[in-house]
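# take a look and give me a structure for this.
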Amino acid sequence: MTRKEDVKATLFFAFDKNMPERLFEYFIWFNVGDASATIIDREKNALGTLDKEGSQTLKELLLVTKDQV
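Coordinates of the predicted model:
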């Protein structure tokens, strides 16, 4: 991507209570022109996109302002 990511998200998942949690790191860009989002899975080096509706939902979940907490 030509600019720095808008969000760097590290998600923690516990798949088995007897094993340590796994960390998954994602880089997310919110694209202004078409209101979509681009997501890169750092571990798998995979790229995905969300449409306008999915992008808006993700943005609302991740970009919470202090006033909304």
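# now for the residue nearest to Asp6 when sequence neighbours are not counted: which residues touch it?
Leaving aside its chain neighbours, Asp6 sits nearest to Phe30 (5.0 Å; criterion: CB to CB, 6 or more residues apart in numbering). All C-beta spots, glycine's among them, are computed from the backbone N, C-alpha and C. Shown in contact with Phe30 (CB atoms under 8 Å, 6 or more residues apart in numbering): Asp6, Val7, Ala37, Ser55, Lys59.
# any idea what Phe30 is bridged to?
Beta-bridge partners for Phe30, by DSSP bridges, are Ala37.
# and the pLDDT for the most far-flung residue of the chain relative to its centre?
Most distant from the centre of the chain: Asn18, at 27.2 Å, with distances by CA atoms, centre = their mean. On pLDDT, Asn18 comes in at 91.
# same check on Asp67?
The predicted local confidence for Asp67 is 58.
# check contacts around the residue at minimal distance from the centre of the chain.
By CA atoms, centre = their mean, the chain has its centre lying nearest to Ile28, at 4.7 Å. Listed by CB under 8 Å, 6+ apart, the contact set of Ile28 reads Glu5, Asp6, Val7, Lys8, Ala9, Ala37, Thr38, Ile39, Ile40, Leu58, Leu62.
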